[in-house]
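1. sequence and predicted model, in that order:
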Amino acid sequence: MAERIDTRYLETLLGYNTRRATLVIVADFMAQMQPFDLSTVEFSVLSLIRHNPGITSRQICTALNILPPNLVGLLKRIEKRELITRAPHLTDGRAIGLSLTAAGSSLIQAAEKTAASSDAHFLSKLSTSEQEVLKKLLKKIYL
């Protein structure tokens, strides 16, 4: 049995490297979100609503690449927690806009501060220019 496992080939693969980094980052993020009782997707949805008051479900699905049936249950859960409200959209009478309640606003503001601290922990391993390059390159892949 080898003392050290040879992972050199795997380390040449983008998927392997991004998955390894994702596992570490998401595990920390989920632990940080426990006090807020938010999953990663719930956090993302609430953050989108915070920064885009009146956003529609369709817009959220597009922005986060979520299937509409999956978003329906999530919205019901966060609405039951009284974190969001629904109201007729300002410009599209057929659509329903989503906004945060006061409780939702307080919760996501605190959660976003915590998320920023979590990111800062991992990003501190990179120089400022490396951080910007990493974000730019990742966006080139998924946008």
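-> Noted; the coordinates are in hand. Since the model is a prediction, treat every value here as computed from it, not as a measurement.

2. quick one: contacts of the helix ranked longest in the chain?
-> As assigned by DSSP state H, the longest helix anywhere in the chain is helix 102-123. Here helix 102-123 makes contact (Cβ atoms under 8 Å, 6 or more residues apart in numbering) with 24-25, 28-29, 32-33, 35-36, 38, 43, 46-47, 49-50, 78, 81-84, 100, 131. Yep, even glycine has a C-beta here, placed from its N, CA and C like the rest.

3. and what of stretch 33-44?
-> With Cβ under 8 Å, 6+ apart, stretch 33-44 has contacts from 26, 29-30, 46, 64, 66, 74, 77-78, 81, 107-108, 110-111, 114-115.

4. now it: mean pLDDT?
-> The average pLDDT for stretch 33-44 rounds to 97.

5. just for this structure, where's the confidence low?
-> For the chain, applying pLDDT under 70 flags the ranges 1-2.

6. ok, and the closest non-adjacent residue to His89?
-> Sequence neighbours aside, Ala95 is the residue nearest to His89 in space, at 3.9 Å (criterion: Cβ to Cβ, 6 or more residues apart in numbering).

7. show me what contacts that neighbour?
-> Ala95 touches Thr56, Arg58, Pro88, His89, counting by Cβ under 8 Å, 6+ apart.

8. Leu90 too?
-> Going by Cβ under 8 Å, 6+ apart, Leu90 touches Gly54, Gly97.
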